[in-house]
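Peer 1: My questions concern the predicted model and sequence given below.
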Amino acid sequence: MKAAFLIASAVATLFAGAAALAASQEPIQPIAPAKVRNPAMVELGKKAVLRAAPVALRLHLVQLLSQPEHGRF
């Protein structure tokens, strides 16, 4: 019984210490932006991810794949 109480007190002390550490680091500081080494690759990635056509195609494929009435799950 005493051992369980000691363990619970130790855990509570650790959590209190972690909470105090987190409170001392407020307000949260923003992180530094990433350094762009190859701007052309960044633009290519934006085009690949943000274009509407591939997104529409992915949605269409998901709809085709999940049609239980046609035996597709």
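Peer 2: Thanks, I have it.
Peer 1: after the one helix or strand in the chain whose mean pLDDT sits lowest, next one along is what?
Peer 2: For the chain, using mean pLDDT, DSSP states H and E, the weakest element among its helices and strands is helix 2-24, scoring a mean of 70. For helix 2-24, the following helix or strand on the C-terminal side (DSSP states H and E) is helix 39-50.
Peer 1: Quick one: list the elements packing against that following helix.
Peer 2: Secondary structure elements in contact with helix 39-50, counted by 3 or more CB pairs under 8 Å, 6 or more residues apart in numbering; DSSP states H and E, are absent; no helix or strand qualifies. To be clear about C-beta, it is placed using only N, CA and C from the backbone, and glycine gets the same treatment.
Peer 1: Let me know the next secondary structure element after that helix.
Peer 2: Sequence-wise, the next helix or strand beyond helix 39-50 is helix 52-65, with elements assigned using DSSP H and E.
Peer 1: Quick one: neighbours of Gly45, just the number.
Peer 2: 10 (other CB atoms under 10 Å).
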